[in-house]
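Engineer: Task: produce atomic coordinates for the following.
(chains A and B)
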Amino acid sequence: MYTQDNLAQAIAASLAPQRPLIQRTDGLLIPTRAVSSTDSNGDVFHLFEEKPDLTGLPVIEAGQPIGMINRNIFMQSFARPFHREIYWQKSCIAFMDKAPLIVERDTSIQDLSFKVIAGGEKALADGFIITEQGLYAGVGRAADMLQAVADLQAEKNRLVMESIDYGSVIQNSLGRASRESMRRTLVDHFLIWEPRDVVSGDFYYFHAYADGFLVILFDCTGHGVPGAFMTLIMSAFLQSALNEGDHRDPGALIAAVNRHVKQAMGQIDHSHGEADAEPVSDDGMDAAFCWVDTQQRKLTYAGAHLPLFIRRPDETDVVMVEGDRAGVGYATTPMDQRWRNHEFDLPEGSCVYFFTDGVTDQLGGKKGIAFGKRRIRESLQQNAALPMPEQRSALMQTFNAYQGHHARKDDVAAIGFRI
Amino acid sequence: MQDLYIAPTAETPEVAFLFSEHKLTLQGESYPENAMAFYAPLRASLQSYLAQLSAQHPLEMHFSLKYFNSSSTKLLRSLISLLNDAARDGKQIIAHWYHDPEDDMMMEFGADLQDEFGALHLNVTPYEPA
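Structural biologist: Below is the predicted model:
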């Protein structure tokens, strides 16, 4: 369950830069002597000869940069017959590039990088001249700039990952009470919760009462950070629905959450409004709400696009019960939408399962098609006699093998219990 | 009306809305982070095309999708809802929903669409890619 967190930490650690971060162009400044427009090509030749690592030589006039002499171009020109004789005494501006890239020292690294890229190969090869209030200050190398950009990028990634990592700590804490209550109440059960990207749009709720327990699995639109936002919102609305309503009536609880979401987020049907209206969210969830009366041994299930799988000891088949088609909270779901309750007797030893569509819709296999409900059923059928944790392992083994080299598409979550 | 072609990416399907031939195709996978940003322009152009489509010209629409996330689902429904409305208004529209013969999820989704959009002639067709 925590492998995603560990991975994120490892990535963040590997991305942490070893050098101080450079934010502005002056961090790249290399003080370099410049020549004046009154200096001759002979002077330039001597300078290049003395300093073999000098790739470019800035030319200034009254303190301001007016051009850049590229070593290779200069030396090649000078090597031509008679050029040395003709140009030796003349002003060095003859061979200079009259439009080098010139940037002020307080330019941000991001702005600088756009300028260097816009300058094309020349700026990448020759670098750029750095000025202070228009006066020559030194030069900068494109390679140093690329290093600075890469370091900044890595630092930003690290900050984002740290932030999401901490988000995952919060999300995990929110589930702790449910997980502990599940452990105390259900002798034989499993919970699968695998966020695709550290935090998840799938979530769960469990609460034990004197006469039974309420178990809920829900899948909010999206994954990652927006999905996780939605799980927090839904958890809050679920709590209000429970405070006001009857925990023995799952259908009514879903309807109450639907009303809360639509009211709070203003999600009413805009599809017939103007096309250019302000973008509004249209997010909601699929969910399975399930009340188990442990005294009467009865299960009441209401589903919003999230089916129930049930296998009772007197039956050989795993039965799948589709919930209602309406999602919870969406603009297109009416405010007064109702969800049907389905009731089942639970003879001792009955197994009950819920899966989010991250399981059913995962692509894989030879053809790269969805895992589907049939494969879930087959796995449950084959392993029904095993304790729940072993059923979980068998199912996930099948699932991971099916997924193979295909990327995980969505968050994955499931709950199973024997009662 | 100008044809609309959008090349496929890893997260978005190929869009070939050949309005000039009255043949529109959507194929591939759809799981963009911001599905609304991708589908809003498709919806807008389909809407204006349908508004000017005459009842004499039959329109063929082909959906050949392998995977779509939940936000894409809603927006696909909204495209199909436009087709359904136009069909109800008497326009000749034939839509095809293709699925791999073994892909029960896509087949079910197609069947759900048939139930939901009664005015639209929608074929749910098992299709073995070449």
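Engineer: CA atoms for contacts and neighbours, from now on please.
Structural biologist: OK.
Engineer: From the chain's centroid, how far away is the strand ranked longest in chain B?
Structural biologist: Longest strand in chain B by number of residues, with DSSP state E as the criterion: strand B:59-68. Relative to its parent chain, strand B:59-68 has a centroid offset of 5 Å by Cα atoms, centre = their mean, to the nearest Å.
Engineer: Can you tell me, leaving aside adjacent residues, what's nearest to the one residue in the stretch 301-419 of chain A that gets nearest to chain B?
Structural biologist: At 5.6 Å from chain B, residue A:372 is the closest residue in the stretch 301-419 of chain A, using Cα to the nearest Cα. Take residue A:372 and drop its neighbours on the chain: the residue closest to it by Cα to Cα, 6 or more residues apart in numbering or on different chains is residue A:360, 4.3 Å away.
Engineer: what does the longest strand of chain B rub up against?
Structural biologist: A:361, A:363, A:369-370, B:13, B:22-31, B:92-99, B:106 (Cα atoms under 8 Å, 6 or more residues apart in numbering or on different chains).
Engineer: Show me what the most centrally placed residue in chain B is bridged to.
Structural biologist: Centroid-nearest residue in chain B, with Cα atoms, centre = their mean: residue B:63, separated by 4.9 Å. Beta-bridge partners recorded for residue B:63 (DSSP bridges): residue B:26, residue B:97.
Engineer: Could I get the pLDDT score of residue A:374?
Structural biologist: pLDDT for residue A:374: 92.
Engineer: contacting residues for it?
Structural biologist: Residue A:374 touches residue B:104, counting by Cα under 8 Å, 6+ apart.
Engineer: Report the secondary structure element holding it.
Structural biologist: Element membership for residue A:374 (DSSP states H and E) is helix A:372-383.
Engineer: Now do the next helix or strand after that helix, average pLDDT.
Structural biologist: Counting by DSSP H and E, the next helix or strand C-terminal to helix A:372-383 is helix A:388-403. Average pLDDT, helix A:388-403: 96.
Engineer: Can you name the residues in contact with helix A:388-403?
Structural biologist: A:188-190, A:192, A:359, A:362-365, A:371, A:376, A:379-380, A:383-384, A:416-418.
Engineer: Could you find the closest non-adjacent residue to residue B:124?
Structural biologist: Nearest residue to residue B:124 in three dimensions, chain neighbours excluded: residue B:97, at 4.7 Å (Cα to Cα, 6+ apart).
Engineer: what do you get for residue A:103?
Structural biologist: Closest residue to residue A:103 apart from its sequence neighbours, by Cα to Cα, 6+ apart: residue A:130 at 5.1 Å.
Engineer: so what's the residue nearest to residue B:124 up against?
Structural biologist: B:62, B:63, B:64, B:110, B:122, B:123, B:124, B:125.
Engineer: okay, the residues you listed in JSON lines with pLDDT next?
Structural biologist: Formatted as JSON lines, these follow (pLDDT from 0 to 100):
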{"residue": "B:62", "pLDDT": "96"}
{"residue": "B:63", "pLDDT": "96"}
{"residue": "B:64", "pLDDT": "95"}
{"residue": "B:110", "pLDDT": "94"}
{"residue": "B:122", "pLDDT": "95"}
{"residue": "B:123", "pLDDT": "95"}
{"residue": "B:124", "pLDDT": "95"}
{"residue": "B:125", "pLDDT": "93"}
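Engineer: Mind giving me the ChimeraX command for buried ones among these?
Structural biologist: Per 16 or more other Cα atoms under 10 Å in any protein chain shown, the buried members of the contacts of residue B:97 correspond to this ChimeraX selection:
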select /B:62,63,64,110,122,124
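Engineer: Kindly indicate which of the contacts of residue B:97 lies nearest residue A:243.
Structural biologist: Among those, residue B:110 lies closest to residue A:243 (Cα to Cα), at 38.9 Å.
Engineer: show me where chain B has helices.
Structural biologist: B:35-52, B:70-88, B:104-116 (DSSP state H).
Engineer: Give me whichever of the ones you listed is most buried.
Structural biologist: Ranked by mean neighbour count under mean count of other Cα atoms under 10 Å in any protein chain shown, these are led by helix B:70-88, which reaches a mean of 19.
Engineer: And the contacts of it?
Structural biologist: Residues contacting helix B:70-88 (Cα under 8 Å, 6+ apart): A:221-222, A:283, B:30-32, B:35-36, B:39, B:43, B:46-47, B:50, B:93, B:113, B:117-120.
Engineer: these two touch, right, residue A:328 and residue A:254?
Structural biologist: Yes. Taking Cα atoms under 8 Å as the definition, residue A:328 is a contact partner of residue A:254 at 7.2 Å.
Engineer: These two - which one has more neighbours?
Structural biologist: residue A:328 (32 against 27; other Cα atoms under 10 Å in any protein chain shown).
Engineer: And that one, its phi and psi?
Structural biologist: phi -100, psi 120 (degrees, to the nearest 10).
Engineer: list the contacts for it?
Structural biologist: A:254, A:255, A:257, A:258, A:284, A:285, A:286, A:287, A:304.
Engineer: Output the set of residues of chain B in proximity to chain A.
Structural biologist: Within reach of chain A by Cα under 8 Å from any Cα of the partner chain, chain B has these residues: B:33, B:44, B:66, B:67, B:69, B:70, B:71, B:100, B:102, B:103, B:104, B:105.
Engineer: Could you single out the nearest of those residues to residue A:140?
Structural biologist: For those, the nearest to residue A:140 is residue B:33 (38.5 Å; Cα to Cα).
Engineer: List the contacts of residue A:257.
Structural biologist: Contacts of residue A:257 by Cα under 8 Å, 6+ apart are A:234, A:237, A:238, A:241, A:328, A:329.
Engineer: mind running it again at 6 Å?
Structural biologist: Shown in contact with residue A:257 (Cα atoms under 6 Å, 6 or more residues apart in numbering or on different chains): A:237, A:238.
Engineer: So which residues on the stretch 101-250 of chain A come close to chain B?
Structural biologist: Contact residues, the stretch 101-250 of chain A versus chain B (Cα under 6 Å from any Cα of the partner chain): residue A:221.
Engineer: residue in the stretch 51-200 of chain A nearest to chain B?
Structural biologist: Closest point on the stretch 51-200 of chain A to chain B, by Cα to the nearest Cα, is residue A:197, at 12.6 Å.
Engineer: and the residue nearest to residue A:372, how many neighbours does it have?
Structural biologist: Counted with other Cα under 10 Å, residue A:360 comes out at 19.
Engineer: What of residue A:348?
Structural biologist: Other residues close to residue A:348 by other Cα under 10 Å number 12.
Engineer: For it, what are phi and psi?
Structural biologist: Given degrees, to the nearest 10, the pair of backbone angles that residue A:348 has is phi -60, psi 130.
Engineer: what's near enough to touch it?
Structural biologist: Taking Cα under 6 Å, 6+ apart, one finds nothing in contact with residue A:348.
Engineer: same thing but 7 Å
Structural biologist: Counting by Cα atoms under 7 Å, 6 or more residues apart in numbering or on different chains, residue A:348 touches residue A:419.
Engineer: Which pLDDT value belongs to it?
Structural biologist: 95.
Engineer: do the same with residue A:33
Structural biologist: In this model, residue A:33 carries a pLDDT of 85.
Engineer: ok, so what distance separates it from residue A:102?
Structural biologist: For residue A:33, the distance to residue A:102 (Cα to Cα, to the nearest Å) stands at 16 Å.
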